[in-house]
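>>> Everything below, folded, please.
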Amino acid sequence: MKKLLLILIIVIFSTSSSNAAPPYECNLKENKCLQTRVVNDIEIKYEYIGQIKNDKPDGKGKLNISDTKFGKSFAEGTFKIIENNFIKLIDGQLYDDTFILYRKNGETYKLVYLKDKEGQKKGTILEGTFKQFILIKGSVAHSNGHKFIGEFYDNGLMKEGTYLYLDRQKFTGTFDKDRGLPQKGLMIFTNGETYSGTFGAESSGKAYKINGIFTFKSGDRYEGSFFPQIEPKYKNGTYYHFKEGGISVFTEGVKQYFPPERKVNNNQPSKTPVVADWEYIVVLIAAISLPLFIVYKLYQKVKDKKNLHKFSKYFIFITVVVAVIGFLTGSISKAVESWFSLFMIGAAIYWIETKDPVVLGIPIKDISRLLYTIIILVVGWQIFCRIFQLC
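As a prediction, this is how the structure comes out:
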């Protein structure tokens, strides 16, 4: 870092200073200029080869830099002499054995590390807005595939933004100034689960959850605090069970489960899983009386009394079952919708049965009985599922 800082000060970010550097000695025939100066007790030699104007480096060229402590480096591009004989790289690149730095319009916009150096791994790329040699806003693409986009503290660590992991995990929020670890924000895990809240960190540098909302892939959700460890352990909060319903309340890690509750008309909780209501009774009466009325009218006109009697039994049975569905689900619309659907199925089967056809050697009556059995099983499962709250 000391070498990078020294090079940036003397070449990239040179500014006017009361301590003027000695003038360049230029050879116009060779298009070469030389300068030697001392910075922080280090003797530095400059050799510029390129365009010269007014006996000074000015324009496109190459600048070779060597010193008595850090060795050699060079820069290529467009140069300009500013006040007190300091040279500045306007557009181009600065090459060193550990990094390549890119400049445009007098500003640094990219830094690529060629070797592991000062906490940065080989292949790490910094792009964005720099203040001196520190990236303050932009992106850092690490060699392991991770990437950060956002703002940085003046010490170069992440401040606020989005960190993208190679496995598609993502964190968006703020980071700790001392270690650059997640502090507060939203973490989206690879499996789709999310955590929104605050973070702490172990001495090893691993972050853990402190207080927030953790949403599971199943739909379950926990809201509250966690014990300070990597694997989440609930401390004080509420766990909401999505499928089975109910909640679990944690107090200093001790769990207490509360089953789901249903409400009756007076809005008071009740432990009874199924509660009768006036609208369910209306559905039940309508579902029985309407088909009986229709069957009675048909009975007066149709000569085939035997088949009509058979159909009426099926029809009444189906409508009663549908009424029970409405009773259990608590929805008139669901009951009516199911009633019409099953009525159409029953009517179609009855019409086919009266023709006595055979399909693939199987009498249609046997097929119709199978379909009625399937309907009964489906309806039965719905009743069982609602009573025992399995769905």
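>>> any weak-confidence spans in the stretch 51-200 of the chain?
118 (pLDDT under 70).
>>> And the strands in it, which stretches?
Listed in chain order, the strands of the stretch 51-200 of the chain (DSSP state E, counting those that start in this stretch) span 56-67, 71-81, 87-95, 99-104, 107-113, 125-131, 134-141, 147-152, 158-164, 170-175, 182-188, 194-201.
>>> can you list these in CSV and add mean neighbour count and distance to residue 261?
(Each C-beta comes from the backbone N, C-alpha and C, glycine too.) Output for the strands of the stretch 51-200 of the chain, formatted as CSV (neighbours: other Cβ atoms under 10 Å; distance: least, Cβ to Cβ, whole Å):
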stretch, mean neighbour count, distance to residue 261
strand 56-67, 17, 77
strand 71-81, 18, 73
strand 87-95, 19, 69
strand 99-104, 19, 64
strand 107-113, 18, 60
strand 125-131, 18, 54
strand 134-141, 17, 50
strand 147-152, 19, 45
strand 158-164, 19, 41
strand 170-175, 19, 36
strand 182-188, 19, 32
strand 194-201, 18, 28
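>>> Dump these to TSV, plus distance to residue 34.
Shown next, in TSV, are those (distance: least, Cβ to Cβ, whole Å):
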stretch	distance to residue 34
strand 56-67	10
strand 71-81	14
strand 87-95	12
strand 99-104	23
strand 107-113	26
strand 125-131	29
strand 134-141	31
strand 147-152	38
strand 158-164	43
strand 170-175	46
strand 182-188	51
strand 194-201	52
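>>> What mean pLDDT does stretch 250-265 get?
The average pLDDT for stretch 250-265 rounds to 79.
>>> Can you verify residue 366 is assigned to a helix?
Yes: assigned with DSSP: H, G, I helix; E, B strand; the rest coil, residue 366 falls within a helix.
>>> what about it, how many neighbours?
Residue neighbour count, defined by other Cβ atoms under 10 Å, stands at 10 for residue 366.
>>> List the contacts of it.
Residue 366 makes contact with no residue, according to Cβ atoms under 8 Å, 6 or more residues apart in numbering.
>>> Distance check, it against residue 35.
105 Å (Cβ to Cβ, to the nearest Å).
>>> Please apply the same query to residue 78.
Counting by Cβ to Cβ, the gap between residue 78 and residue 35 amounts to 18 Å.
>>> With residue 44 instead?
9 Å.
>>> try residue 111
Counting by Cβ to Cβ, the gap from residue 111 to residue 35 is 25 Å.
>>> all helices for this protein, in order.
With DSSP state H as the criterion, the chain has helices at 2-7, 278-301, 305-329, 332-355, 364-387.
>>> I'd say residue 144 and residue 121 touch.
Yes: at 7.3 Å, residue 144 counts as touching residue 121 under the criterion of Cβ atoms under 8 Å.
>>> Next one: the residue nearest to residue 126 when sequence neighbours are not counted relative to residue 130, how far apart?
Leaving aside its sequence neighbours, residue 126 sits nearest to residue 111 (Cβ to Cβ, 6 or more residues apart in numbering; 4.3 Å). The gap separating residue 111 from residue 130 is 8 Å, by Cβ to Cβ.
>>> likewise residue 99?
13 Å.
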